[in-house]
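Undergrad: kindly return the folded structure for what I paste below:
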Amino acid sequence: MKVVVIGGTGLIGSKLVARLGEHGHEAVAASPGTGVDTLTGQGLAEALTGADVVVDVSNSPSFADDAVLKFFETSTRNILQAATAAGVGHYVALSVVGTDRLQQSGYFRAKAAQEKLIAAGGIPWSIVHATQFFEFAKAMVDAATDGDKVGFAPVLFQPIAGDDVAKTVGRTAVGAPQNGIVEVAGPEQFRMDEFFRTGLARIGDPREVLTDPSAKYFGADLTERTLVPADGALLGETTYAAFKAAA
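TA: Just a heads-up that it's a prediction; the model follows:
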């Protein structure tokens, strides 16, 4: 099976390309670095020739509201056009658990727009909603930092290893289209404030983690279960302790 991975040189994309190759599939990494630009359409037709599946795990280089919306809408329309012309039979995209509950954020409004375009695009589709990656923890801390204080809400979250995300996306890509959403999360739930307080203390980071019920997540308010999946979600195998031990 030929699977073209948009964003195939990034964190999840590179893991996905390697995993698909190990299982005997022809996995093509498509990114600006390999001559494929989804914003202009350059290289898309060539990359998608003969493809059975296209998987989009790309991300916007800018999180500014207008720029991120333009990125996901333009890229998705270009991928849909090229994939339709190439006869691709399955469009898979990676998105985020809770996207529909985070619409105060311009980034998540853009992700919702991407999902709507895919669902209406005429190609059988599957969208994988994943929780926050373990690898994303530092960026979350930096985004929540003000001086020497870090504010996190005391809400549930269920982070996941990038390897487990790639595994789920890969299985989805080579399986039958869902025409719906697949949720995947890590095997453990944490209180967000406690998780980061413990983590920063463990590495000797002097920043103080404050429990702030009003703290936002990239501009969006959080409730107790905004960031966790519904019952029945797929669960990754890697605990945070195992992830850190292997790092």
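
Undergrad: hang on, residue 19 packs against residue 167?
TA: Yes: counting by Cβ atoms under 8 Å, residue 167 is a contact partner of residue 19 at 6.6 Å. Just so you know, the C-beta spots here come from the backbone N, C-alpha and C atoms, and that holds for glycine as well.

Undergrad: who's sitting farthest from the centroid in this structure?
TA: Centroid-distance maximum for the chain: residue 206 at 29.6 Å, with Cα atoms, centre = their mean.

Undergrad: do you know how far the nearest residue to that one once chain neighbours are set aside is from residue 139?
TA: Spatial nearest neighbour of residue 206, excluding adjacent residues (Cβ to Cβ, 6 or more residues apart in numbering): residue 148 at 6.6 Å. Note on residue 148: its distance to residue 139, by Cβ to Cβ, to the nearest Å, is 18 Å.

Undergrad: can you map out the helices along the chain?
TA: Here the chain has its helices, by DSSP state H, at 11-22, 44-48, 65-86, 106-119, 137-143, 162-174, 192-202, 240-246.

Undergrad: so of those helices, which one's packed in deepest?
TA: Mean neighbour count (mean count of other Cβ atoms under 10 Å) peaks for helix 162-174 among the helices of the chain, with a mean of 22.

Undergrad: pLDDT (mean, whole number) over that one?
TA: The pLDDT scores in helix 162-174 average 98.

Undergrad: now it and helix 11-22, what's the angle there?
TA: For helix 162-174 against helix 11-22, the angle by axes from the mean of the first three to the mean of the last three Cα atoms, to 10 degrees is 60 degrees.

Undergrad: now for helix 162-174, which elements pack on it?
TA: Secondary-structure packing of helix 162-174 (3 or more Cβ pairs under 8 Å, 6 or more residues apart in numbering; DSSP states H and E): helix 11-22, strand 53-56, strand 90-96, strand 125-130, strand 180-185.
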